[in-house]
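A.B. asks: based on what follows, work out the 3D shape:
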Amino acid sequence: MMDDDLKLFVLNSSRAFGEQVAQRLDIAPAAHEEREFEDGEHKARPLTSVRGKDVFVIQSLYADRQQSGNDKLCRLLFFIGALKDAAAARVTAIAPYLAYARKDRKTKPRDPVTTRYVAALFEAVGTDSVVTLDVHNLAAYQNAFRCGTEHLEANKLFVKYFVPLLKDGEAVVVSPDAGGIKRAERFRQLLGDALGKPVGAAFAEKYRSGGVVSGDMLVGDVKGKIAIIIDDLISTGTTLARTARACRELGATSVFAAATHGLFMGDANVILAERALERIVITDTVAPFRLEASAVKEKVAVLSTAALVADAIDRLHTGGSVTELADS
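C.D. replies: Coordinates of the predicted model:
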């Protein structure tokens with residue numbers, strides 16, 4: 001894809017991922033500068049003209065060993081502001097992992113609705129559209145932003161991965177909580193269509209308060225079946241481990257997990273060594289740099305989303321339908 005009207009910038013912390021996307025688009029990332037100052041402040045600017053161009057900027061907003069999620073968010077926002085000041089015709093932020101997407105409603109008195117505040121920041125610097133993958137609450141994401149939003153799904157990547165493993169057995173898709181039932185049902189339907197046979201459904205009971213998770217009940221038939229627990233992200237892994245144990249106790253022959261964003265926080269290296277959980281499938285929206293225990297590393301498979309993101313950029317630039325990426 002060679003198009004002088006399209007510019008793709010990749011901020012430094014997402015360089016490896018962005019270069020894969022650029023390769024899929026058959027373009028080189030546009031040149032830019034990121035400069036650090038002695039007091040911890042920074043600046044970023046394009047080193048090529050963006051006047052009248054359709055500009056895309058890639059930056060996944062998760063904390064790593066060099067930068068916090070806040071740092072990455074500020075850098076992205078400031079860079080978008082610089083692009084708009086430099087007369088870019090349209091700027092689209094590609095944030096494969098979108099920071100603060102989980103805090104989308106008030107759960108306690110005087111709680112913040114941080115998703116909405118982040119949306120206001122993107123709007124304030126002139127962002128025309130935001131693209132992310134498998135956001136925690138799709139309705140909240142779409143309603144928070146007044147600029148354009150696009151939502152990509154990793155479901156098809158997971159289906160492609162699991163189909164060869166499920167051809168000879170019965171499968172059941174398990175949501176680790178009631179709030180994820182719609183997500184699990186979407187995946188279940190796609191998986192059933194790909195397998196050409198029925199796939200069961202189940203969900204686990206879960207309550208969270210003050211960071212403490214409780215609830216032990218599992219609703220649905222998993223006995224004698226291969227269970228796939230589907231979720232949007234893995235944090236400490238407590239929810240996955242609890243659900244995997246419940247599936248095994250009720251007779252599941254194997255238990256797999258699939259989640260788009262693998263954060264692996266806190267004691268995840270210990271918790272996810274859980275024997276009941278056979279394999280964990282994630283995508284590259286978040287680099288799994290926190291995984292240290294070999295017992296967990298050996299379970300984890302990482303799927304590339306570069307082609308999906310590249311296809312979305314191409315469709316947005318040419319006026320195609322991004323929705324079709326999930327529905328086709």
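
A.B. asks: I figured Ala307 hits Gln23, correct?
C.D. replies: No. Ala307 lies out of contact with Gln23 (CB atoms under 8 Å); the separation is 9.9 Å. The C-beta positions use only the backbone N, C-alpha and C, and glycine is treated the same way.

A.B. asks: what's the single longest helix in this structure?
C.D. replies: helix 69-85 (DSSP state H).

A.B. asks: what's the following helix or strand after that helix?
C.D. replies: Following helix 69-85 in sequence order, the next helix or strand is strand 90-94 (DSSP states H and E).

A.B. asks: got the angle for that next one vs helix 69-85?
C.D. replies: Calculated by axes from the mean of the first three to the mean of the last three CA atoms, to 10 degrees, strand 90-94 forms an angle of 160 degrees with helix 69-85.

A.B. asks: tell me the confidence at Tyr117?
C.D. replies: Looking at Tyr117, its pLDDT reads 96.

A.B. asks: also Gln67?
C.D. replies: So, for Gln67, pLDDT stands at 95.

A.B. asks: for Lys206, same thing?
C.D. replies: Looking at Lys206, the pLDDT reads 56.

A.B. asks: circling back: buried residues, the longest helix of the chain. List them.
C.D. replies: 69, 71-77, 79-84 (16 or more other CB atoms under 10 Å).

A.B. asks: quick one: it to chain centroid distance?
C.D. replies: Chain-centre distance of helix 69-85: 20 Å, with CA atoms, centre = their mean, to the nearest Å.

A.B. asks: ok, stretch 231-249 next?
C.D. replies: How far stretch 231-249 lies from its chain's middle: 18 Å, per CA atoms, centre = their mean.

A.B. asks: can you list contacts of that stretch?
C.D. replies: The contact list for stretch 231-249 (CB atoms under 8 Å, 6 or more residues apart in numbering) reads 134-136, 174-177, 180, 183, 202, 204, 206, 213, 216-218, 222, 227, 229, 255, 257-268, 271-272, 274, 276-277, 280, 282.

A.B. asks: what about Pro176, neighbour count?
C.D. replies: 26 (other CB atoms under 10 Å).

A.B. asks: residue contacts, it?
C.D. replies: 203-204, 206, 229, 231, 239-240, 242-243.

A.B. asks: could I get the full set of strands for the stretch 1-150 of the chain?
C.D. replies: 6-10, 32-36, 42-46, 54-58, 90-94, 129-133, 148-152 (DSSP state E, counting those that start in this stretch).

A.B. asks: got the angle between the fourth one and strand 42-46?
C.D. replies: Going by the same axes, to 10 degrees, strand 54-58 is angled at 140 degrees with respect to strand 42-46.

A.B. asks: return the helix or strand in this protein with minimum mean pLDDT.
C.D. replies: Here the helix or strand of the chain ranked lowest by mean pLDDT, DSSP states H and E is strand 212-214, holding a mean of 47.

A.B. asks: against Ala246, how distant is Glu298?
C.D. replies: Computed as CB to CB, to the nearest Å, the Glu298 to Ala246 distance reads 23 Å.

A.B. asks: higher neighbour count, those two?
C.D. replies: Ranked by neighbour count (other CB under 10 Å), Glu298 and Ala246 place Ala246 first, with 24 against 10.

A.B. asks: which element is the more buried one on?
C.D. replies: helix 238-249.

A.B. asks: and that helix, which residues are buried?
C.D. replies: 238-248.

A.B. asks: how much space between the residue of the chain most remote from its centre and Ser321?
C.D. replies: Centroid-distance maximum for the chain: Glu38 at 33.0 Å, with CA atoms, centre = their mean. The gap separating Glu38 from Ser321 is 48 Å, by CB to CB.
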